[in-house]
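Visitor: Got a sequence here, can you build the structure:
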Amino acid sequence: MPTKAVRTPSPVHYVTAQTQLAQEFARVEQQVLNGQPPTLPDELAQHFDIIFRSSTQGYREVFLGCILARLNNPSIDIHKPYMKHGANAYNGRTLDERVVNPFLHEKRLPCSRAPFLSTFRRGVQFVAATSIGTRDRVAFASFLTLVDHVAGENDNEKLLNILRYVLYRFILLREASHIALSRLQRISLEQFDGLIGGLLATPSGGRLPVMLVEAAFIAIKDTYGLSWTIEVQGINVADSTGGAGGDITIRKEDQIILAAEVTERPVNRTRVIATFQTKIATGRIVDYLFLLIHPVGEEVRQQACQYFSQGHEINFVEIKNWIVALLATLGIKGRDVFNSVLLERLDAADIPPALKVAWNEQIAQLTGS
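Guide: Numbering: from 1, shown residues only. Take a look at the predicted model:
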C-alpha cells in the first residue's frame with residue numbers, strides 16, 4: 001500500500017497575519033487623523049526614506065511581509081522567503097499573494113503587482129549577494145539593513161512599532177497621489193441607508209458625521225428654497241472663535257434659528273450642562289440639536305427637560321435614522337442634492353485620503369464591485 005504524503009504545515013498562519021495587518025492599519029490611520037503618527041529613530045527612518053523613494057516598489061511591499069512573518073512566527077528566518085531554503089524558511093510569495101498585496105490594493109496603497117515574480121524571482125534569499133542584478137542597489141541595501149534589524153529584534157512591541165511605521169509610510173505614499181472618488185449618478189434610499197451607516201462606522205476624527213449632517217441641511221435648504229445661512233465650524237476649532245453655537249449653525253436674517261452639535265462620542269449629563277452654560281445660554285439659542293451615533297441615557301434627557309422651562313429646547317437625534325428619514329421626505333431632488341454636496345466635501349484637497357478610500361469602499365459594496 002503506497003505511503004500517503006504528509007503535508008507540512010505552513011510556518012505562517014495567514015488568517016492571523018491578515019487580522020493583525022487590518023487591526024494595525026486601522027490603528028495607524030486613526031493616529032494619522034489625530035496628528036500623532038508613529039515614529040522611529042532617525043537611524044532606521046532614513047532607510048525607510050530610501051525604500052519609499054525607490055521606483056522599485058517591491059522592496060517596501062516585501063519588507064511589510066517580512067515584519068508580519070516575524071511577528072507571526074519568531075522561529076522564521078525572514079532572510080529565507082522560499083521553502084526550498086531549508087530550516088526556518090517560509091513562503092514569502094504566498095504570504096504576499098494571500099495577505100499583503102490584496103490588502104494594499106484594497107486600501108488603495110501604491111504597490112506592485114507581484115514582487116516575487118519580478119524583483120525577487122528565481123528563489124533568491126535576502127542577502128547581500130542578491131543585490132547583483134538589482135536595479136536600485138542603494139534601496140536594496142536599505143531594505144537589507146531593515147530586514148537584518150527586524151530579524152535580530154526580539155522585543156514584540158518594538159516589532160509592532162516598526163509595522164506601524166511602515167504602514168504609516170504607505171499612507172503617506174497614498175496621500176501624495178490623487179484618489180478619484182467613485183461616483184454613482186443615482187443612489188436609492190435603501191442604498192443610502194447602508195452607505196451612511198458604513199461611513200458613520202469609519203473612524204474619521206468627527207469629519208464624516210459633520211459632512212453628512214451638513215449635506216442633509218443643505219438638501220433641506222435647496223429643496224425648499226429656504227433663506228438659510230448654514231455655517232460649519234472646522235474640526236477642532238473652538239466654537240467661541242467665530243461665535244458659533246455648535247458644529248453647525250443655521251441663521252436666518254442673522255438670527256440663530258437652530259444650532260447642532262455633531263458628535264461621535266457618547267453624550268452624558270455633564271456634557272449637556274457644559275454645552276448649555278458655554279453655548280446655549282450665552283448665545284440665547286432656543287433650539288439646540290445633538291446629532292449622535294450613540295443613544296443617550298434617561299439622566300441626559302431629564303437634564304435637557306430642565307432647560308425647556310427656561311425657554312431652551314434641547315433634542316437628541318441619531319444621525320443615520322434622521323438623515324434616511326429626511327431623504328425619504330425630500331424625494332429624488334433632495335437625495336441628488338445630498339449626494340452632490342457630500343461628494344464635493346469629500347473631494348476637497350484637505351480631506352485625508354483615508355476618508356476618500358472609505359467612501360470608495362462603501363460604493364464598491366453597494367455595486368458589488
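Visitor: CA only for contacts and neighbour counts going forward, please
Guide: Fine.
Visitor: Any idea how many residues pack against Arg335?
Guide: 26 (other CA atoms under 10 Å).
Visitor: Just say helix, strand or coil for it.
Guide: Taking DSSP: H, G, I helix; E, B strand; the rest coil as the rule, one finds Arg335 in the helix state.
Visitor: quick one: it and Ala219 touch, right?
Guide: Yes - using CA atoms under 8 Å, Arg335 is in contact with Ala219, at 7.3 Å.
Visitor: Give the partner strands of the longest strand seen in the chain in its sheet and their orientations.
Guide: Assignment by DSSP state E gives strand 255-263 as the longest strand of the chain. Under the criterion DSSP bridges, strand 255-263 sits next to strand 248-252 (antiparallel), strand 287-292 (parallel) in its sheet.
Visitor: so can I have CSV of those strands showing mean pLDDT?
Guide: Shown next, in CSV, are these (pLDDT from 0 to 100):
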stretch, mean pLDDT
strand 248-252, 93
strand 287-292, 94
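Visitor: start to end distance for stretch 76-88?
Guide: Taking CA to CA, to the nearest Å, the first and last residues of stretch 76-88 lie 5 Å apart.
Visitor: Can you tell me what sits against it?
Guide: 11, 66, 69-70, 75, 89-93, 123-127, 147, 151 (CA atoms under 8 Å, 6 or more residues apart in numbering).
Visitor: which of those are buried?
Guide: 11, 66, 69-70, 89-93, 123-126, 147, 151 (16 or more other CA atoms under 10 Å).
Visitor: so which of these would you say is closest to Asp347?
Guide: Cys66 (35.1 Å; CA to CA).
Visitor: any chance you could map the helices in the stretch 1-150 of the chain?
Guide: For the stretch 1-150 of the chain, helices defined by DSSP state H, counting those that start in this stretch occupy the ranges 14-33, 42-53, 58-72, 92-95, 101-106, 137-152.
Visitor: in the fifth one, what's buried?
Guide: When you say that, I think you mean helix 101-106. 101, 103-104.
Visitor: And the contacts of it?
Guide: So helix 101-106 is contacted by 61, 110-114 (CA under 8 Å, 6+ apart).
Visitor: How about the shortest one?
Guide: The contact list for helix 92-95, computed with CA under 8 Å, 6+ apart, reads 12, 14, 62, 65-66, 81-82, 116.
Visitor: Please tabulate the residues you listed in a markdown table, including the columns distance to Leu195.
Guide: Formatted as a markdown table, the contacts of helix 92-95 follow (distance: CA to CA, whole Å):
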| residue | distance to Leu195 |
| --- | --- |
| Val12 | 35 |
| Tyr14 | 30 |
| Val62 | 34 |
| Gly65 | 32 |
| Cys66 | 36 |
| Pro81 | 41 |
| Tyr82 | 42 |
| Phe116 | 37 |
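Visitor: Which one of those is nearest to Phe143?
Guide: Set against Phe143, the nearest of the contacts of helix 92-95 by CA to CA is Val62 (9.2 Å).
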